[in-house]
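[1] Got a predicted structure here, sequence first:
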Amino acid sequence: MKKRNFTLTQNTSPYGSMALRETLAEFAGNDSGRKTLPQQSDFFAIFLLLSFLFFGFSTQLNAQYCTLVCNDQVNLSLNAECASIITYDMLLENGEDPLSCLPNGPQAFKVIIQYPEGTNVYDPPHTVDESHVGHNLTVMVKHWATGNLCWGYVLVEDKFPPIVACPADLTISCASVTPDPSIPASSISDCSGYAQSHSDQVVDIDCTSSSLTSQIIRTYTVTDEYGNATICTQTINVLSATFAD
């Protein structure tokens, strides 16, 4: 009986790949003279091994040609929700080149932020919020398949102005007290602290041709800690005096 035995030997190529070496061993035959063929499970094991070796070789070869280059400095402003996500293509100079690294695309890269002490920490570490404003963060981009990486700096800024719901226009009698010139906190949204101010412009109106004696054009200004401002106006109509007043 003759059997074909398969043994593995380590190849010393620079890519660290494996090679299959087939060796023959002669054994005494049986009376029937039939040869024993490799079992189906043997072929399956060999197929899996070859697939694994090919994948390893492809990954190591791709790593040699996958060069990541990060921008040295990126400025990022928070959005209206006071948070932003740093994506790989913000940092990579060649992030949009599909041939720079394979595989490519959002799922092929990992962004890792080194959060300063005392700021909010997120998992996965690619989100920034108002606690990071003013910090120049160290950010790393890693290619999952090859392990190649690069890093750069991201300065987090707040350039989004306050969101303000301006008081509605209204009409009052001349005997009424002019409303308090302030916007309630519930009508202002911003990522940082803010201050508000106002100015009034009074426009006199000829009461002979109108029921109004004047108009007050009230301008509100809401400015946050970083100098971003929102301006809105309110019109207050003042009615002429009547006998009832």
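    Everything's here; your move.
[2] Now do the buried residues in stretch 189-199.
    D190, C191, Y194, Q196 (16 or more other C-beta atoms under 10 Å). In this view, the C-beta of every residue, glycine as well, is placed from N, C-alpha and C.
[3] Straight-line length of it, end to end?
    End-to-end span of stretch 189-199 (C-alpha to C-alpha, to the nearest Å): 21 Å.
[4] coming back round to it: name the nearest of the buried residues of stretch 189-199 relative to T178.
    Q196 (16.9 Å; C-beta to C-beta).
[5] and which of the buried residues of stretch 189-199 is nearest to C174?
    Q196 (26.9 Å).
[6] related to what we said a few turns ago, and the two most separated of the buried residues of stretch 189-199?
    Maximum pairwise distance among the buried residues of stretch 189-199 (C-beta to C-beta): 16.0 Å, between C191 and Q196.
[7] Tell me which other helices or strands the longest strand belonging to the chain touches.
    Taking DSSP state E as the assignment, the strand of the chain that covers the most residues is strand 212-224. With contacts taken as 3 or more C-beta pairs under 8 Å, 6 or more residues apart in numbering; DSSP states H and E, strand 212-224 sits against strand 194-204, strand 229-239.
[8] export those strands to JSON lines and tack on distance to A145 and mean pLDDT?
    As requested, these are exported to JSON lines (distance: least, C-beta to C-beta, whole Å; pLDDT from 0 to 100):
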{"stretch": "strand 194-204", "distance to A145": "46", "mean pLDDT": "95"}
{"stretch": "strand 229-239", "distance to A145": "46", "mean pLDDT": "96"}
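[9] Show me the one of those that comes nearest P125.
    strand 194-204 (29.4 Å).
[10] Which other helices and strands does the closest one contact?
    Helices and strands touching strand 194-204, by 3+ C-beta pairs under 8 Å, 6+ apart, are strand 212-224.
[11] Name the residues of the strand it packs on that come out as buried.
    L212, T213, S214, Q215, I216, R218, Y220, V222, T223, D224.
[12] And the residues you listed, which two are furthest apart?
    Maximum distance among these (C-beta to C-beta): 37.2 Å, for T213 and D224.
[13] Other residues contacting stretch 124-137?
    Contacts to stretch 124-137, defined as C-beta atoms under 8 Å, 6 or more residues apart in numbering, come from residues 76, 78, 82-87, 110-116, 118-120, 153-158, 191-192, 226.
[14] Can I get it as PDB, trimmed to CA atoms?
    Extracted in PDB, the C-alpha atoms of stretch 124-137 (Å, rounded to 0.1, in the frame of the first residue of the first chain):
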ATOM      1  CA  PRO A 124     -15.300  55.100  20.100                       C
ATOM      2  CA  PRO A 125     -12.800  58.000  20.600                       C
ATOM      3  CA  HIS A 126     -13.700  60.100  17.600                       C
ATOM      4  CA  THR A 127     -16.100  62.700  19.100                       C
ATOM      5  CA  VAL A 128     -15.500  66.200  20.500                       C
ATOM      6  CA  ASP A 129     -17.800  68.600  22.300                       C
ATOM      7  CA  GLU A 130     -17.800  71.900  24.100                       C
ATOM      8  CA  SER A 131     -15.300  70.600  26.700                       C
ATOM      9  CA  HIS A 132     -12.700  70.300  24.000                       C
ATOM     10  CA  VAL A 133     -13.000  73.900  22.700                       C
ATOM     11  CA  GLY A 134      -9.600  75.600  22.700                       C
ATOM     12  CA  HIS A 135      -7.700  72.300  22.900                       C
ATOM     13  CA  ASN A 136      -5.300  71.300  20.100                       C
ATOM     14  CA  LEU A 137      -5.900  67.500  20.200                       C
END
